[in-house]
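[1] Predicted model follows, preceded by the sequence.
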Amino acid sequence: MKTLMCIAVLLPILSGALIPLLKFKKRIYREIYVETAVLLTSAMVLTLLLNRPDGSVRLFRLTGDLGITFRMDGLAGVFSGLVAFLWPLSSLYAFEYIKHEGGDDRFFTFYTMTYGVTLGIAQSANLITLYLFYELLTLVTLPLVMHSGDKRSIRAGMKYLGYSIGGAACAFLGIMVLYAYGDNSLAFTYGGFVSPDTPRHTLVLAAYLLTFFGFGVKAAVFPFHSWLPSAGVAPTPVTALLHAVAVVKAGAFAVMRVTFYCFGTALLYGTWAQYAAMAFAAFTIVFGSAMALREQHLKRRLAYSTVSNLSYILFGVTLMTPAGLTGALSHMLFHGVMKITLFFCAGAIMYKTHREFVPELTGLGRYMPMTFTAFTAASAALVGVPPLPGFLSKWNLATAALAEGGLIPILGVAALLISAILTAAYLFTPVINAFFPPACQGEHGLEQACDPNWYMKLPLIVLLAAMLLFGIGSKGLLELLARISAGAL
Amino acid sequence: MNDYILLVPVLLPILFAFPVYLVGRRSKKERDSFAGVVGISEFAVCVFLLMMVLSGMELELAVPGIIARGIYLKLDGFRAIYALIAALMWMSTTIFSREYLAHYRNRNRYYFFTLLTCGATVGVLLSNDFFTTFIFFEIMSFTSYVMVVQDEKPGAMKAGETYIAVAVIGGMVMLMGLFLLENRLGTLNFDELHTAVETLSDPSALYLPGALILFGFGAKAGMYPLHIWLPKAHPVAPAPASALLSGILTKAGIFGILVLSARVFLHDSIWGGVILTLGVITMVFGAVLAVFSIDLKRTLACSSMSQIGFILVGVGMQGLLGQHNALAVWGTALHMVNHSAIKLVLFMCAGVVYMNLHKLDLNSVRGWGRNKPVLNFCFLMGVLGIIGMPLWNGYVSKTLLHESIVEYIELAAQTGASTGIYHAVEWFFLISGGLTAAYMTKIYVAVFVEKPVKPFEEHGKRYMNWQSTLSITLPALALPIMGMLPTPIMGGMAQLMRGFMNGGSPEAAIAWFSLTNLKGAAISLTIGAAVYLLIIRTVLMRKDESGTKVYVNLWPSRLDLETLLYRPIVEKLLPFLGALICRVLDNLTDWFVAVLDHTLLHRKPIPPRNDDDYAPGEYTPHVRRSYTLQRISGSVSFSLLLFGLGFCAAMGYLIVILLTK
């Protein structure tokens, strides 16, 4: 069972790397190949989740106690479960979408490889493994960001590269401090491996902040957020899966690992480093939403919305209580499902009508009913309309913050709600315009617009069903997350 | 196990909304009948629930497994009656919609969302936990948006915009209040709230959450200063939807305020005073707006606002009167019931007018109601009910509310407190009653008494079919019956409902038609007659070119809280500030990198960006530097300067370190 972890990481990487060599004659062969590889991996992850192996497995040793090691604990389970659920769906979606972008071989090579790398991040058992896959993730996804090859996407790619590598460098400095103060294997242990008796030296706290912002770059925390909207030039399946789920959540996931499993909350709780991190997260929540409201390009608007929502997760993490982590984990799952739906809809609109800006969506609701129903439902979920899932995670985050008391947590709750109002403003405007167009406008040029085919529709339907399920029947799931946050799993 | 029956009235409309929609795609006629059947069965279920309550049962249902925290419903007298009223309203309006909406587009959508709203509203009214209330309340807010904008005309869209903005903001503010309330009390369950409050050492900490929750519920109820959506949204919705919005959705807001008042702030005089103040303003302001209005449905909508004010006055008096609040509790409960029933009748009558003429302006519909005895009768019943004419139902509840104010004045006089302000409240109450009489007379006279300016075209067919007639006449008949048998019907209802508000029974049997009580009604009606004759007939009507007197709208359109205050803040000020800050901050890192680039690394200036670059804040913003600046930054001395600065900083740091050691 333990070796299965290694296979799950390596299979997509290898099968992805093989794609250019196989030279598929027909589109459908490649589609079958990719989908099989992805489904197989997801099945392996599912098996792992159901019979979770204890202990870790080492792929190889680096030096001393350091090694590339995998382990499937509760936190790893949540993240790998999320990507394993979404990857087959978005591959299916990508088969159709990529038809109008071209460069299929290259695209699917890296798209499939990213799956393995993301699983590597999820299942890493120590900080150095996490760091390795974190850097790999940047490199593997870079060609996806630059996919179209025009000036804008290359510039966005360079920006992405600069931010990510810079962030990782900061994180690396933090890792060095951890190596000095903590144990030499850097293995994740709930509660941290830096002894809480360590004097709260400014250096340790500064190192935490460095790591927080370093990994926070991928989670787009202010002021390191601006690569994310720029990276929206990538094909929609990439923006949907990577820039709403895999890559950005990898950043948030790394912050969770560092906070709860390396430094340990006992050390950090109540220090200035905690408040600084929390203040930045709380600010980003409002800032991201405000920027989203200003933005007229649909995908960039969604990207800014992701900026805001990722900070919900970071805010939960920086509360440094199990309840906060529960809120963060639930938002990680729910936001993944909601945002990917929104991006899929945006992609379907671009694919069918070549419209990218919000005002251009006027009146489309009638012609693409299925797409816009999904868009509406996901918007309502993201705003936090009960009983859809966004409401639950917000409720969890807010109660966790209020249980803390104190000024910044309460301001954070206010930030959550202000952001919810802004979210309603920036997502309901396109919805309302699409379904209730102002008279004699938007009626021309829409006749050809229609819902996309089943490649795109099926993922939307599955995601909608998942959203409803998460919203209504997630009590068990939330209890599981609470156990994970308490370190019981 | 049979407690699960409580889920039926909530889920029945929600689940049947989908088949109704699907049937509607095949056949419109079948859909209409199907929706009607759903409405009737909902009503039957609610009747059955009321029977259960009457037989002394009290049902409670907890479904802990769903939506994370579970759903808690409870059935007591108040909820049973209100669920029944909700079901009655949905049944009547659904049946009426069949004819009213016959020429509308997107009827499928209307039925679908109406049914969803129905389930959610019943869910709010049955809820026994603020979490459950909030869930259904939000669903109700969003699904009812579609009812408001059903027309898709610019006016409707604008009103819908206001409606949804108020709903979203109200919902979120309320949520904040709920978070704080739960944080302080540890529970949101209605039955546990009061015990939790009593064990609290510092109850004044509850005022902030209370105010935030009041904001949310008050926004839905149409309380001043959050009423802005109400006079806009109610008139533009189709008449059946207006009846629902006015009659029952506002009551969902009142429901929440009642829970707060009776469970969290029970007998709290400060809370009572705040609600009373807001109630008086809403009551007077709504009535004044209604007097000025010359649109049939807008008058009714403003009237709704005013009547909500009456109800809030009752809620406020409950808090002020403390232990002696029986009269206020009875009055509040009965005025809620009365207002729902009356507005159902009045809005559907207005709907009949609109259905035939497609106009609502008083000058255009003038005299259309002559020679239509059935419609005339129904409308008259509503008018007499709402103005508080003795023997009609409105009289009963208004008298009780009035009595509660008088009672408080007497109590205050006994303890020697000053009563001046409450005398003023009493007079405001009577004057608002008078204004009610005035504006209702205005629209009644305009539609049913005055002669038309030019004769109306006759379509040949009857102005309403038998289903519509039935759905209007039956509720209309109930109004005088309720008013003429106050003790068995109204008293019985109040007895059932008072438990919800923790109210007692009046010490003595109420003499409904005693001289003092009739005096209050007489004063109101006299004021009404005076206002109608002296102001409406003279100031608010002008002679036009042809010499006929027409109604004019003298209310300055600019005098509107929304256009004066809210819209400038939300649409101009906040976006300006937000955009300014965001713009600066968004590029912060990029600019920082760019500055470092150009100073430390001597990069060549980056060529100007492409025109196709729409994005603000791309990587390395273009810094246009002058030739001199380039020369300077490229020079050796500049590098030396920077080096020197860095060196100085490092040395300074070392000195500081050494000195502090």
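    Ah, there it is. Quantities reported herein were computed from a predicted structural model and do not represent experimental measurements.
[2] Strands of chain B, start to end?
    B:59-63, B:71-75, B:541-543, B:549-551 (DSSP state E).
[3] domains in chain B, as residue ranges please.
    Under the assignment automatic domain parsing, the domains of chain B span B:267-555, B:586-660.
[4] closest to A:Asp150 out of those domains?
    Distances from A:Asp150 to each of these were compared using Cβ to Cβ; the minimum, 9.0 Å, belongs to domain B:586-660. C-betas here are computed from N, CA, C, even on glycine.
[5] tell me how far the ends of that closest one are from each other?
    39 Å (Cα to Cα, to the nearest Å).
[6] Do you know the pLDDT at the residue positioned nearest the centre of chain A?
    Most central in chain A under Cα atoms, centre = their mean is A:Val245, positioned 2.6 Å from the mean C-alpha point. The score at A:Val245 is 86. That number is its pLDDT.
[7] Verify the stated contact: it with A:Gly336.
    Yes: with contact defined as Cβ atoms under 8 Å, A:Val245 and A:Gly336 form a contacting pair (4.5 Å).
[8] so what sits against both of the two?
    Common contact partners of A:Val245 and A:Gly336 (Cβ atoms under 8 Å, 6 or more residues apart in numbering or on different chains): A:82, A:86.
[9] Show me how far the biggest strand by length in chain A is from its chain's centre.
    Ordering each strand of chain A by length in residues (DSSP E) puts strand A:56-63 first. Put simply, strand A:56-63 sits 27 Å off its chain's centre (Cα atoms, centre = their mean, to the nearest Å).
[10] and it, which residues are buried?
    Neighbour counts over strand A:56-63 (16 or more other Cβ atoms under 10 Å in any protein chain shown) mark A:56-58 as buried.
[11] strands paired with that strand, and their directions?
    Using DSSP bridges, the strands paired with strand A:56-63 are strand A:66-71 (antiparallel).
[12] What's the first helix or strand after the strand it pairs with?
    Heading C-terminal from strand A:66-71, the first helix or strand you meet, by DSSP states H and E, is helix A:74-97.
[13] Chain A contacts on the stretch 451-600 of chain B?
    Residues of the stretch 451-600 of chain B lying close to chain A by Cβ under 8 Å from any Cβ of the partner chain are B:575, B:578-579, B:581-582, B:585-590, B:593.
[14] give me that answer again for 6 Å
    B:578-579, B:582, B:588-589 (Cβ under 6 Å from any Cβ of the partner chain).
[15] Going by distance to B:Ile510, which of those residues wins?
    Distances from B:Ile510 to those, taken as Cβ to Cβ, are shortest for B:Gly578 (56.1 Å).
[16] and the residue nearest to that closest one when sequence neighbours are not counted, how many neighbours does it have?
    Sequence neighbours aside, A:Ala290 is the residue nearest to B:Gly578 in space, at 4.7 Å (criterion: Cβ to Cβ, 6 or more residues apart in numbering or on different chains). Applying other Cβ atoms under 10 Å in any protein chain shown, we find 26 other residues in the vicinity of A:Ala290.
[17] In this structure A:Ala290 contacts B:Cys582, no?
    Yes: counting by Cβ atoms under 6 Å, A:Ala290 sits close enough to B:Cys582 to count as a contact (5.1 Å).
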